[in-house]
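Student: Sharing a model prediction with you, sequence too.
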Amino acid sequence: MARIPVAILCSAFLLQEPPGAIPAPKGAGWRKCHLDFVGEAQKGPEVLFLGDSLTDGWRSGAAKKIWDATFGPLKAANFGIPGDRTQHVLWRLQNGELDGIPPPRVVVLLVGTNNLGPNEPEPPSGAIAGIGAILKQIHRKSETTKVLLLGVFPRGEKPEDPLRAAVKDINDAIATFDDLGKTVRFLDLGEKFLAPGGLLLRELMPDFLHLSGKGYQVWADAIREPLDTLLR
């Protein structure tokens, strides 16, 4: 049997998509959430929030009241699932969440932090490639939908936390997907969660990852005008 040159093997390896860009489902509970979203999509939301636990968090407590007041009048829907990485959101979009429905006018996309860990962390390139694939999938399913692409929120209390650098790498890369709002507008809210000197504010992110009610108010206030602009 002929041996395959090492150079060819290395090239093939380098050409593989990172995990973040390879669609992947999860377990039974996750699939039930997905199927619920497929059903909800048939109602034709005009604004669709898509993402992980940060998006899912709009469903409860103070965040729910902010959601109802700010996004309820916009006929918004929340398709956030805790723990999702880019590959999971990509699978959901490929399997029904945007099929056979009136196209949403705007998708608010926030995803990528879970790709960084803590379990089986991926390099920033995974989230970058995954977010790019999600944007392509949204526009493949719905050419007229615009995307408000949010930068990954800061993680770790102090600016020297290694996760801060990983988040910056992701955000610097996905900022290039912005085409001045023609199809995608990028918005980085990170500075709004930080104190002078770069410390992450505990009152906004108690565990330095998930938002408090005050944190959700900051999010809502920051995207109100950009979202209105994309809806015009």
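Tutor: Received, thanks.
Student: which intervals of this protein have sub-threshold pLDDT?
Tutor: Along the chain, segments meeting pLDDT under 70 span 1-15.
Student: need the strands for it, in chain order.
Tutor: 47-51, 76-80, 106-110, 146-150, 184-187 (DSSP state E).
Student: strands paired with the third one, and their directions?
Tutor: Based on DSSP bridges, the pairing partners of strand 106-110 within the sheet are strand 47-51 (parallel), strand 146-150 (parallel).
Student: Quick check: which of those strands is nearest to N115?
Tutor: strand 47-51 (12.2 Å; Cβ to Cβ). All C-beta spots, glycine's among them, are computed from the backbone N, C-alpha and C.
Student: so the closest one versus strand 76-80, what angle?
Tutor: Per axes from the mean of the first three to the mean of the last three Cα atoms, to 10 degrees, the angle that strand 47-51 makes with strand 76-80 is 10 degrees.
Student: got the contact list for strand 47-51?
Tutor: Residues outside strand 47-51 that contact it (Cβ atoms under 8 Å, 6 or more residues apart in numbering) are 41, 55, 58, 71, 74-80, 84, 89, 104-111, 134, 227, 231.
Student: Which one, of the strands paired with strand 106-110, ends up nearest to P206?
Tutor: Closest among these, once you apply Cβ to Cβ, is strand 47-51, at 19.2 Å.
Student: Give me the distance from that closest one to the chain's centre.
Tutor: Relative to its chain's centre, strand 47-51 lies at 9 Å (Cα atoms, centre = their mean, to the nearest Å).
Student: ok, now stretch 87-95?
Tutor: Computed by Cα atoms, centre = their mean, the chain-centroid distance of stretch 87-95 equals 12 Å.
Student: For L201, which of the strands paired with strand 106-110 is the nearest?
Tutor: strand 146-150 (17.8 Å).
Student: Can I get that closest one in PDB, CA atoms only?
Tutor: Output of strand 146-150 as PDB, limited to C-alpha atoms (Å, rounded to 0.1, in the frame of the first residue of the first chain):
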ATOM      1  CA  LYS A 146     -30.800  41.700   8.600                       C
ATOM      2  CA  VAL A 147     -28.600  40.600  11.500                       C
ATOM      3  CA  LEU A 148     -27.600  42.700  14.500                       C
ATOM      4  CA  LEU A 149     -24.400  40.800  15.300                       C
ATOM      5  CA  LEU A 150     -23.300  41.400  18.900                       C
END
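Student: next one: that strand to chain centre, how far?
Tutor: Using Cα atoms, centre = their mean, the offset of strand 146-150 from its chain centre is 9 Å.
Student: contact partners of that strand?
Tutor: Residues contacting strand 146-150 (Cβ under 8 Å, 6+ apart): 105-110, 131, 135, 138, 174, 177-178, 181-189, 223, 226-227, 230.
Student: Determine which of the strands of the chain approaches P23 most closely.
Tutor: Nearest of the strands of the chain (Cβ to Cβ): strand 47-51, 14.4 Å.
Student: So which residues of this structure form helices?
Tutor: 6-15, 28-41, 53-56, 61-70, 86-94, 124-141, 162-174, 213-231 (DSSP state H).
Student: Buried residues in the last one, which are they?
Tutor: Think helix 213-231. 213-220, 222-223, 226-227, 230 (16 or more other Cβ atoms under 10 Å).
Student: what about it, distance to the chain center?
Tutor: Using Cα atoms, centre = their mean, the offset of helix 213-231 from its chain centre is 15 Å.
Student: Against which helices or strands is it packed?
Tutor: helix 61-70, strand 106-110, strand 146-150, strand 184-187 (3 or more Cβ pairs under 8 Å, 6 or more residues apart in numbering; DSSP states H and E).
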